[in-house]
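Asks: Could you work out the structure for the sequence below:
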Amino acid sequence: MSALTEAIARSFTTREKQPPARSPLRALGRRQLSGAEVLAQSVATTAPAVSMVVLPVTMLTHGRLLSGMITIIAATVLVTLIAFCVSQFTRRMAASGGLHSFVFRGLGTRAALTTGIAMLVKYVGSAVMTLYHGGQVAIALLGFAGVHVDKTFHVIALYLGIALLILGALVRSVRFAALAILVVESCSLLFIVGLMILGGSGSQQAQIVPPTSGHGLLLTALAAVFALAGFESAAFFGPESRRPLVTVTRTVLLTPIICGSLFIFAGWAAWSGRSDTLVNAYLHGTATGVSPGVVIALNVGLGCSWLASSMASSNAASRLVYSFGVERLLPRRFASVHSAFRTPYFALTVVVCTVLVGGGAFAILGRGEIFDDVRLTVRGAVIVAYALVAIASVVFLTRIGEHTPGVLAAASCGSGAGAIVLGYLVYANTIDHAYVAPIAVLVILTSGTLWQFYLRRRSPKSLLHVGAFDSPETEDVLPGAGVFATDAAGNIVLVGEPTAGAR
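Replies: Numbers count the residues shown, from 1 in each chain. Got it, this is the predicted structure:
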């Protein structure tokens, strides 16, 4: 008799005597997102359409054509290696906490809390910057239409309206948000790629703004890595995916390859001069003789991509904050889920309001040096999280006896390169007497230790809930086919299979 036949037969004779097992993440609505919807979330977070313009601008600004191309290729390889490390977790578990939950499985509570803070800084910071840029594009497009948004009240109203639209889409349902992101980002990519291909070469020469930093290679490397960052956002939606272990793993591995290919194409366009028209339109509008139609089309594409990225980043951040609520690292209020839409509406509201305040403040007060400090801090936070998850993958696989040389090589290259770039970031800013970003990175690195110390003194029981993931429920297992028991946190969980001959 086969094992499946035996399990089915046993299910008719076994009666479950214990309380039913329930996944801690069941409130989100399990098994509803398709592979395309998860991919849309992951790709949109990277804002590929925007990066296809920003990367050529960065290369041309700092005169880094050859080294810029090499850097983009190296960044694609590096981030793909990190994605390979992340996939070691996604093929084994689904968690709304993403990298935070994965690092816990390898390196424990302190490193997990550090990763959680780093990813929260990354997603909220990204959402703030992209909301700001998206709003500025909207103002520019309204200007082309003869509507001038030049008063503080008008700017506040515009950003508030955009934020409400984003919040409404995200609260409505995770599928609705994913489809909206997919449509918006697809249109953006078509705009940018089409303009880059049809723009031709030789018709214009890029008019470059003089660089404000002498660390061109560092800024190019950070821009390339950050352009690919966001692939891991798919992991936040594992519990909501129809086939989480398969869908999320494929998405995590495919996103850096897809986006990296687009960015290499953008680097080639900068090399060959095919991006000069777009660069001029991006930096100077119609001042260099670029057709108003091209400028408007570029702004539409960039605006859509920026706002889609802001939506996707806010969505990912809300799942992380929701996970903190489930794990009791934050008040349980953050784990509230809308009864009809099955979305973490309270976490979404807090995140979007925070993003609105940040983006609106930059729009009203101006960017200044603080905007560049935020950008560098966000990029540093990404590298911290990636290095930790790479190391955690090796420790985790070694612990369960599934360690391979390939994972060790990928983790060593990924974490080593990340440490070098992070060290260079801190050093370069320190010698330039710009201390905000280095201090912020150091605070992120120590945040896990401080948070763990606080929790041990104020709420030691919450440390038992760290790393919550989507565990099998009683209905997911044939009666008698699995053994359920109580874990350290008091939850009923699947701990193994019944012994041979057990009934």
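
Asks: Going C-terminal from the helix or strand harbouring A44, what's the next secondary structure element?
Replies: Assigned by DSSP states H and E, A44 falls within helix 35-46. Moving toward the C-terminus from helix 35-46, the next helix or strand (DSSP H and E) is helix 48-61.

Asks: Now for A266: which residues touch it?
Replies: For A266, the contacting residues are 51-53, 55-56, 196, 275, by C-beta atoms under 8 Å, 6 or more residues apart in numbering. The C-beta positions use only the backbone N, C-alpha and C, and glycine is treated the same way.

Asks: And the helix holding A44, what's buried?
Replies: For helix 35-46, a neighbour-count test (16 or more other C-beta atoms under 10 Å) marks 35, 37-46 as buried.

Asks: send the alpha carbons of stretch 75-86 over as CSV?
Replies: The C-alpha trace of stretch 75-86 is given here as CSV (Å, rounded to 0.1, in the frame of the first residue of the first chain):
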residue,chain,number,x,y,z
ALA,A,75,25.4,44.7,-9.1
THR,A,76,23.0,42.4,-11.0
VAL,A,77,25.2,39.4,-10.3
LEU,A,78,25.6,40.4,-6.6
VAL,A,79,21.9,41.0,-6.0
THR,A,80,21.0,37.7,-7.8
LEU,A,81,23.4,35.9,-5.4
ILE,A,82,21.5,37.5,-2.5
ALA,A,83,18.3,36.4,-4.1
PHE,A,84,19.6,32.9,-4.2
CYS,A,85,20.3,33.1,-0.5
VAL,A,86,16.8,34.4,0.2
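
Asks: Run through who's touching that stretch.
Replies: Contacts with stretch 75-86, where a contact means C-beta under 8 Å, 6+ apart, come from 99, 102, 221, 224-225, 227-229, 231-232, 235, 252-253, 255-257, 260-261, 263-264, 386, 389-390, 393-394, 406-407, 410-411, 413-414, 417-418.

Asks: Repeat the analysis, applying 6 Å as the threshold.
Replies: 224-225, 228, 231-232, 252-253, 256, 260, 386, 389-390, 393, 410-411, 413-414, 417 (C-beta atoms under 6 Å, 6 or more residues apart in numbering).

Asks: Now do T58: how many residues are near it, please.
Replies: Neighbour count of T58, defined by other C-beta atoms under 10 Å: 24.

Asks: Quick check: closest non-adjacent residue to it.
Replies: A223 (4.8 Å; C-beta to C-beta, 6 or more residues apart in numbering).

Asks: Just to check, the one you found is in contact with M59?
Replies: No - counting by C-beta atoms under 6 Å, M59 is not a contact partner of A223; they are 8.9 Å apart.

Asks: of those two, who's got more company?
Replies: Regarding A223 and M59, a neighbour count based on other C-beta under 10 Å identifies M59 as having more, with 28 against 23.

Asks: The more buried one touches A270, doesn't it?
Replies: Yes - judged on C-beta under 6 Å, M59 makes contact with A270 at a distance of 4.9 Å.

Asks: pLDDT weak spots in the stretch 151-300 of the chain?
Replies: For the stretch 151-300 of the chain, the stretches with pLDDT under 70 are 199-216.

Asks: roughly how far is the helix or strand where G423 lies from the heart of the chain?
Replies: Secondary structure from DSSP H and E places G423 in helix 405-431. Relative to the chain's own centre, helix 405-431 is displaced by 19 Å; criterion: C-alpha atoms, centre = their mean, to the nearest Å.

Asks: list the helices and strands it packs on?
Replies: In terms of contacts (3 or more C-beta pairs under 6 Å, 6 or more residues apart in numbering; DSSP states H and E), helix 405-431 is packed against helix 65-90, helix 216-228, helix 368-399, helix 436-458.

Asks: Which of these sits closest to G116?
Replies: In terms of C-beta to C-beta, the element of these nearest to G116 is helix 436-458, at 7.9 Å.

Asks: Alpha carbons of the closest one, as PDB, please.
Replies: Extracted C-alpha coordinates of helix 436-458, given in PDB (Å, rounded to 0.1, in the frame of the first residue of the first chain):
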ATOM      1  CA  VAL A 436      24.000  62.000   9.000                       C
ATOM      2  CA  ALA A 437      24.100  58.800   6.800                       C
ATOM      3  CA  PRO A 438      27.000  57.200   8.700                       C
ATOM      4  CA  ILE A 439      25.400  57.800  12.000                       C
ATOM      5  CA  ALA A 440      22.100  56.500  10.700                       C
ATOM      6  CA  VAL A 441      23.700  53.300   9.500                       C
ATOM      7  CA  LEU A 442      25.400  52.800  12.900                       C
ATOM      8  CA  VAL A 443      22.100  53.300  14.600                       C
ATOM      9  CA  ILE A 444      20.500  50.700  12.400                       C
ATOM     10  CA  LEU A 445      23.300  48.200  13.100                       C
ATOM     11  CA  THR A 446      22.800  48.700  16.900                       C
ATOM     12  CA  SER A 447      19.000  48.900  16.800                       C
ATOM     13  CA  GLY A 448      18.400  45.200  17.200                       C
ATOM     14  CA  THR A 449      20.500  45.000  20.400                       C
ATOM     15  CA  LEU A 450      18.700  48.000  21.900                       C
ATOM     16  CA  TRP A 451      15.200  46.700  20.900                       C
ATOM     17  CA  GLN A 452      16.000  43.300  22.300                       C
ATOM     18  CA  PHE A 453      17.200  44.800  25.600                       C
ATOM     19  CA  TYR A 454      14.000  46.900  25.800                       C
ATOM     20  CA  LEU A 455      11.800  43.900  25.100                       C
ATOM     21  CA  ARG A 456      13.500  41.700  27.700                       C
ATOM     22  CA  ARG A 457      12.800  44.300  30.400                       C
ATOM     23  CA  ARG A 458       9.300  45.400  29.400                       C
END
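
Asks: for that helix, what is the average pLDDT?
Replies: Helix 436-458 carries an average pLDDT of 94.

Asks: Show me the contact partners of that helix.
Replies: For helix 436-458, using C-beta under 6 Å, 6+ apart, the contacting residues are 109-110, 113-114, 117-118, 373, 376-377, 380-381, 384, 426, 429-430, 462-463.

Asks: Ramachandran angles for S173?
Replies: Per-residue torsions, S173: phi 180, psi 150 (degrees, to the nearest 10).

Asks: And for the closest residue to it other than its chain neighbours, the neighbour number?
Replies: Excluding the flanking residues, the one nearest S173 by C-beta to C-beta, 6+ apart is F341, at 5.1 Å. When counting by other C-beta under 10 Å, one arrives at 16 neighbours for F341.

Asks: Report the separation between F341 and G97.
Replies: Plainly put, F341 is 21 Å away from G97 if you go by C-beta to C-beta, to the nearest Å.

Asks: again with V374
Replies: Separation of V374 from G97 (C-beta to C-beta): 24 Å.
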